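J.: Give me coordinates for this.
(chains A and B)
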2 protein chains.
Amino acid sequence: MLSDFKSHIAQNFRFLEGKKLLLAVSGGLDSMVLLDLFWKADANVSIAHCNFQLRGNESDVDANFIESFANQNQIPFFAERFDTHQFASDYKLSTQMAARELRYRWFAELAEQHGFDFILTAHHANDNLETFLINLSRGSGIDGLVGIPAQIDNVVRPLLGFSRNEIEAYAKTNRLEWREDSSNASTKYLRNQIRHQVVPALEAIDPAFLSAFLKTQSHLQQTQSMARDAAVLVYKQVARETHDEIHFNLEKLLRLPNYAAYLYHWLHEFGFTAWDDINDLTSGQSGKQVLSPRYRLVKDRDFLILSSLKDSNEIESFVIEKDQNQVNFPIKLSICKADGVSHVSNNTIFVDAQKIDFPLELRKWRNGDHFQPIGMNGQSKKVGKFFKDERFSILEKERAWLLCSGDRIVWIVGHRADERFKVQTTNPILKITLTQ
Amino acid sequence: MLSDFKSHIAQNFRFLEGKKLLLAVSGGLDSMVLLDLFWKADANVSIAHCNFQLRGNESDVDANFIESFANQNQIPFFAERFDTHQFASDYKLSTQMAARELRYRWFAELAEQHGFDFILTAHHANDNLETFLINLSRGSGIDGLVGIPAQIDNVVRPLLGFSRNEIEAYAKTNRLEWREDSSNASTKYLRNQIRHQVVPALEAIDPAFLSAFLKTQSHLQQTQSMARDAAVLVYKQVARETHDEIHFNLEKLLRLPNYAAYLYHWLHEFGFTAWDDINDLTSGQSGKQVLSPRYRLVKDRDFLILSSLKDSNEIESFVIEKDQNQVNFPIKLSICKADGVSHVSNNTIFVDAQKIDFPLELRKWRNGDHFQPIGMNGQSKKVGKFFKDERFSILEKERAWLLCSGDRIVWIVGHRADERFKVQTTNPILKITLTQ
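T.: Okay, the predicted model is just below:
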């Protein structure tokens, strides 16, 4: 493992140089080291601190600690209080999942609003080892074992190559201050049990265990990427997509000794879990089927046919009122007034406030839907045709949301705005952002 | 985990019914349970016991224990004493590797000589978990994590779905006797440290850890099989084989975001280890190269070209004397007189003893070698052409051994015999078997 933090970061994260960075800082050991490294290197840093209100007064003390640090050192500071328990209960998430969801949504919003190029978090090698062991205890597949990558989109984790011990040594050498999270010391949580009982046993056997583990994890990442390639290449050989079905050619499929692996890979994202039944289906009678909550897999002579259970007339629909500037469900949108049009993207559109009629509606597409894609001179296009041209998979079509004003589509959310609501310079403007 | 051994075995190992089984029995807990299960089910069992002479008198007591069990119960019994330390030092193997090598070679010989259909060993789920953790501590890739499979060729492991605890409970319920291996109790070996320190810590966190782990391992086996498919499919797109080179098309290769994973997969069996250098080669100057002990990878304009370092005139050659009935290096052959021809296979040939001239020679092939493949009416064929027709990879060609009598090829070992040495009914017969 590298012990020289600065040269490691200079070597591997050169692309961060000169960029506007938002650092996620809890005030704990790891994030204070991250902050110290980048701040002392004269990087353009700002601090984002989440108060999840999970540890009563302690959470507030943490927030104050990092706020005064920021003020003393004149570092731009953002803080937000979250009602994590409420959010977890609203969305049926574990507390940890809720906190993660809230955190990354807010970081993305800050990045969007303030033009940060990258969001930096302080995850380190021990975090990945702990997650690996937790997922092992849950019977996870490779996706649960490969670890958090050093970069996903604009979220970067410069400390992933370092151990907790190395980070602690850095903090002591550089006389940093940090806040201890009292929940770390307890063995209340699975992660803490692994941290305090299993990992020390592994390191007692081999002090270089962590660094060997990182090597294993990088091998697994490669294997995962190859398995994904195989899934795509074999899918092309075996599957054919129609408007709203996927046909798997059984003769071709069953020629593969490991066809069950492919069926698992392709079908699990459609919510299937009854793998034995699906396996029986491959040799079963025509007409037999296996269901997932929203999909059906039917044996039809020489094919397995995947189709949606959704009645195409069923309307799943959500209303957005005039004074709402935040939508939390089924997707997260922020809606605010804007002075002008800037940073248009797939996830952000600007519409003429006078052209839309509240309440707006969020709904799924149906056959026959059409809109006027922006940039096509007002030409009308069927939504189904749009999906086809954009090579949407069946699942992507199912997941797409339409933002509608009356019976007109304003936005295929996250994909394409409609020409009819384009901003006229003199009119008030609404900025609508998909924040998840 | 299944606790009913008999129904599990009846369900999953039905193909063993009515077959002639050789059980590897050390006399320890696991193998005594294996023996009990199959013997009481009236299977056609014989016992093979290896005495590795690693624990002095204790090893002999084990051998006596299991021999008297066999005699009392009239079970056919085979035993062999091995000089494991000597073998390990001769072949530069660890003691454990040497013992494994000796054991499986001997089992294969017994199966060949006595017509056993399957060899059964008593590996269980904890063995796989321990191996997984050991390989994790060594930075292994997926091949080290997927575990021993329940079947490879004729070697079957019926207890893989059971834990050590379950096996022990079975032994106690059924009042079996077994011998404790005193080295099990010590923490001298890595495996024992893992068994006694790490696994209990994992099971303290979650009693169902082992069964979750088995699920993970079966997911990983699927991922491994898919990654191997990808390696083959992408190789077909990117590589072209000539007589003795492989040409990798760089333009196609570098289009893959994970090309390094493929290069690793294809090249590591050729002994390459300098992955950073290989990566540099992809963008380096024409003419640059990276070497492994026996191969060269050269950047040649738009290609990476893999070729052998072997001078084609270099002769790697080993002599077999007239009275030798065993060859241990570079491959393992047994040579004995035979009364007739039976069970001919890729690994066993019968030759006319009067047609061959000792000493025989084992050597690698060279350009220009030719032979008369059996079954082709004495037609002559170049060995290079034979390899090509049989779709040998470069590596397989390199690994092939020729058994020669003077300048005539008797056998492309493990692949094809020569017509000229075919048995004439009246002459004495030699049986030559490849035993590894």
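J.: Quick one: name whatever helix or strand follows the longest helix along chain A.
T.: As assigned by DSSP state H, the longest helix anywhere in chain A is helix A:209-238. With elements assigned by DSSP states H and E, the helix or strand that comes after helix A:209-238 is strand A:239-241.
J.: what helices or strands is the following helix or strand past that following strand leaning on?
T.: The C-terminal neighbour of strand A:239-241 among helices and strands, as given by DSSP H and E, is strand A:245-249. If you count contacts as 3 or more CB pairs under 8 Å, 6 or more residues apart in numbering or on different chains; DSSP states H and E, strand A:245-249 packs onto strand A:239-241, strand A:303-308. All C-beta spots, glycine's among them, are computed from the backbone N, C-alpha and C.
J.: Touching strand A:245-249 from outside, list them.
T.: If you take CB atoms under 8 Å, 6 or more residues apart in numbering or on different chains as the criterion, strand A:245-249 is touched by A:238-241, A:263, A:266, A:302-307, A:394.
J.: how about 10 Å then?
T.: A:235, A:237-241, A:255, A:259, A:262-263, A:266-267, A:270, A:282, A:295-298, A:300, A:302-308, A:393-395 (CB atoms under 10 Å, 6 or more residues apart in numbering or on different chains).
J.: Buried ones only from those residues, please, as a ChimeraX command.
T.: Buried residues among those (16 or more other CB atoms under 10 Å in any protein chain shown), as a ChimeraX selection:
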select /A:235,238,239,259,262,263,266,267,270,295,296,297,298,303,304,305,306,307,308,394,395
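J.: near chain B, from the contacts of strand A:245-249?
T.: Among these, proximity to chain B is found for A:237, A:262 (CB under 10 Å from any CB of the partner chain).
J.: Kindly report the residues of the stretch 51-200 of chain A close to chain B.
T.: With the criterion set to CB under 10 Å from any CB, the stretch 51-200 of chain A comes near chain B through A:129, A:132-145, A:187, A:190, A:193-194, A:196-200.
J.: Tell me the buried residues within those.
T.: A:129, A:132-142, A:144-145, A:190, A:193-194, A:197-199.
J.: quick check: longest strand of chain A.
T.: Secondary structure of chain A read by DSSP state E shows that its longest strand is strand A:44-51.
J.: That one pairs with which strands, and in what direction?
T.: Partners of strand A:44-51 in the sheet, by DSSP bridges, are strand A:20-24 (parallel), strand A:77-81 (parallel).
J.: which parts of the last one are buried?
T.: When neighbours are counted by 16+ other CB under 10 Å, the buried residues of strand A:77-81 are found to be A:77-78, A:80.
J.: Kindly reformat those residues as TSV and extend each row with pLDDT.
T.: Output for these, formatted as TSV (pLDDT from 0 to 100):
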residue	pLDDT
A:77	97
A:78	97
A:80	93
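J.: Quick one: low-confidence residue ranges for the stretch 151-300 of chain A.
T.: Low-confidence segments of the stretch 151-300 of chain A (pLDDT under 70): A:182-188.
J.: now the helices for it?
T.: A:164-173, A:182-185, A:190-193, A:199-205, A:209-238, A:250-254, A:259-267, A:275-283 (DSSP state H, counting those that start in this stretch).
J.: Next up, the contacts around residue A:415.
T.: A:346-347, A:373, A:386-387, A:390, A:392, A:396, A:400-402, A:434.
J.: Would you mind measuring from it to residue A:244?
T.: 18 Å (CB to CB, to the nearest Å).
J.: before we move on, back to that, among the contacts of residue A:415, which ones are in helices?
T.: Checking the contacts of residue A:415 against DSSP H, those in helices are A:386-387, A:396.
J.: if I read this right, residue A:67 contacts residue A:79, doesn't it?
T.: Yes - at 6.4 Å, residue A:67 counts as touching residue A:79 under the criterion of CB atoms under 10 Å.
J.: Overlap in contacts, the two.
T.: A:47, A:49.
J.: how about the nearest residue to residue A:419 once chain neighbours are set aside, phi and psi?
T.: Closest residue to residue A:419 apart from its sequence neighbours, by CB to CB, 6 or more residues apart in numbering or on different chains: residue A:372 at 4.3 Å. When read as degrees, to the nearest 10, the backbone of residue A:372 gives phi -120, psi 90.
J.: which residues does residue A:372 contact?
T.: Residue A:372 touches A:378-381, A:408-409, A:416-422, counting by CB under 10 Å, 6+ apart.
J.: before we move on, the earlier item: in JSON lines: the strands paired with strand A:44-51, plus distance to residue A:156.
T.: Shown next, in JSON lines, are the strands paired with strand A:44-51 (distance: least, CB to CB, whole Å):
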{"stretch": "strand A:20-24", "distance to residue A:156": "8"}
{"stretch": "strand A:77-81", "distance to residue A:156": "18"}
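J.: of all those, which lies closest to residue B:290?
T.: strand A:20-24 (37.4 Å; CB to CB).
J.: quick one: buried residues of the next helix-or-strand element following that closest one?
T.: Remark: after strand A:20-24, the chain's next helix or strand is helix A:29-40, criterion DSSP H and E. Buried residues in helix A:29-40, counted by 16+ other CB under 10 Å: A:29-39.
J.: one step back: so which of the contacts of residue A:372 sits lowest on pLDDT?
T.: Of all these, residue A:378 carries the smallest pLDDT score, 86.
J.: Surely that one and residue A:421 touch.
T.: No - counting by CB under 10 Å, residue A:378 does not reach residue A:421; the two are 11.9 Å apart.
J.: Spit out the contact partners of residue A:301.
T.: A:250, A:286-287.
J.: Residue A:356 now?
T.: A:322, A:403-406, A:408, A:410, A:420-421, A:430, A:432 are the contacts of residue A:356 under CB under 10 Å, 6+ apart.
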